[in-house]
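>>> structure, please.
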Amino acid sequence: MEYRRFYILGGTYFFTLVTYNRHPIFTTPESIEKLRAAFRYTLDRHPFTYNPVKHGLVKAPADWKYSSFAKYVRDGFYPVNWGGGENSMAAESWME
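Reported below is the predicted structural model:
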């Protein structure tokens, strides 16, 4: 089978998979803990948040390069410094 995907920088993809012969996995406490540890490991290295300003990752929405905020700035819904205080214009260059 040939899989194709559209590559988007910073994009995330979710797949639903079925194991061979529908063999059950993650049915023991040990295997579930391993899965949780893998998620923690990944989230520590690649933080995901709906509000990076609230979590202290950036000072303004425009500073989070993975945000859809830039689209709303380009479309005129928000000024580039929205939500970041008077002097937050740092990310103006990547939104052009």
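
>>> pLDDT score assigned to the residue lying farthest from the centre of the chain?
Distance from the C-alpha centroid of the chain, by Cα atoms, centre = their mean, peaks at Asn21 (32.8 Å). Per-residue confidence for Asn21 comes out at a pLDDT of 91.

>>> excluding chain neighbours, what is closest to the spatially most central residue of the chain?
In the chain, the C-alpha nearest the mean C-alpha coordinate belongs to Phe48, at 4.3 Å (Cα atoms, centre = their mean). Setting aside the residues directly before and after it, Phe48 is nearest to Thr12 in space (Cβ to Cβ, 6 or more residues apart in numbering), at 7.8 Å. (Each C-beta comes from the backbone N, C-alpha and C, glycine too.)

>>> still on that earlier bit, what about the residue nearest to the centre of the chain, distance to Ile32?
Distance, Phe48 to Ile32, by Cβ to Cβ, to the nearest Å: 21 Å.

>>> about what we covered before: read off the pLDDT value for the residue nearest to the centre of the chain.
Note on Phe48: pLDDT of 71.

>>> count the residues that sit near Leu43.
Neighbour count of Leu43, defined by other Cβ atoms under 10 Å: 11.

>>> residues touching the helix or strand hosting it, excluding its own?
Per DSSP states H and E, Leu43 falls inside helix 29-45. For helix 29-45, contacts defined as Cβ atoms under 8 Å, 6 or more residues apart in numbering pick out 25-26.
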